Structure formats: C-alpha cells, structure tokens
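# only geometry, no sequence info:
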C-alpha cells in the first residue's frame, strides 16, 4: 500500500503543476461560444462536453472505455487543459495543449480510478464554431478488485466539439 501512495504522490507532483500553472503565452482563439458538445473517439468512445475558457478548457467524456475480449468497460472522465504553444500551417492556427485527466470506470473486473497527464493538439475553425482535437495521456490507475492493484494507465482520442 505504501508503494501505491508513493506512486500517486509522484504522479500528482507531475500533473498538478501542469494544470495549475498560469498560462504564459497569449494564445489567440477564435470568437465562439463557451460551451460545447460533441463526440470523443478513442479511450473512451462516447459523448464529450467542454467549457471553453479564454486561458484554459474544462472537458468531460462519458462512454465505453473498451469492448472486446476483456469484457466491457464503462468510463467517465473529467480533465482540464492549457494551451502552451501555437503554430501555423498555411495560415491555420493549431494549439498545443497540456493538462490533466481523472478517469473513473466500471467494468467486468471491477472499478478503477486514475490520474493522467495529457498532451494534445487542437484546431478551432475560423468560419464556424467547431473544435477538433487529438489528445493522449499517461498516468497511474487504481484497480479496485480483490486485491486492490496499481497499474499504469493510458488514454488516447480524437474528437470534435460544436461550440454554442
């Protein structure tokens, strides 16, 4: 159990400064609404919602973590991300984001709770309120089975959010 607590503290020490730090760049975002809904394809596969703040974004996803030979896994997650860099390809601006994610799931093996550090790229369309993204994350997950286990966790998804 001491190893579990130590691993969680190390991951938290890495993730929390990334998600709590004030942004240092002046990232220009397109004018659009603050709230959005869409689809998340990956881990997990399901519905996505987003609150788009000027300096950071809060998002949540709910859906299937996986379906396959290992059984079914239903997962909900909430996360925050900050733009840390912006680059252009043919006058189109892309944001590089970092943040943190907390997934909670239930499946054929029991319940799990994790904390992940995330990184991704997002693109806001200029002419209409749509954001597309690709995001990946790594961290640690507690598996509440018999006995309780600690495992490395991962996440990866692409998606689209319609802002209104």
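Arrived safely, thanks for sending. The structure presented is a predicted model; accordingly, all values stated were derived computationally and were not measured.

# now the strands for the chain?
Per DSSP state E, the chain carries strands over the ranges 35-42, 45-52, 57-68, 71-89, 92-107, 110-124, 130-144, 149-163.

# so what does the last one touch, helix or strand wise?
Taking 3 or more C-beta pairs under 8 Å, 6 or more residues apart in numbering; DSSP states H and E as the contact definition, the neighbouring helices and strands of strand 149-163 are helix 2-20, strand 35-42, strand 45-52, strand 92-107, strand 110-124, strand 130-144. C-beta: built from backbone N, CA, C; applies to glycine.

# just how off-centre is that strand within its chain?
Relative to the centre of its chain, strand 149-163 is centred 5 Å away, using C-alpha atoms, centre = their mean, to the nearest Å.

# go through that strand and flag the buried ones.
For strand 149-163, a neighbour-count test (16 or more other C-beta atoms under 10 Å) marks 150, 153, 155, 157, 159-163 as buried.

# ok, the third one next?
Residues of strand 57-68 classed as buried under the neighbour-count rule (16+ other C-beta under 10 Å) are 57, 59-63, 65-66.

# next one: the first one
For strand 35-42, the neighbour count (16+ other C-beta under 10 Å) marks 36, 38-42 as buried.

# what angle do that strand and strand 45-52 make?
140 degrees (axes from the mean of the first three to the mean of the last three C-alpha atoms, to 10 degrees).

# what's the average pLDDT for strand 35-42?
Strand 35-42 comes out with an average pLDDT of 93.

# swap in the fifth one?
Averaging the model's pLDDT scores along strand 92-107 yields 93.

# follow-up on the earlier one: worst average pLDDT in the strands of the chain?
The lowest average pLDDT among these, as it happens, falls on strand 57-68, at a mean of 84.

# quick one, that strand and strand 110-124 angle?
Using the same axes, to 10 degrees, strand 57-68 lies at 130 degrees relative to strand 110-124.
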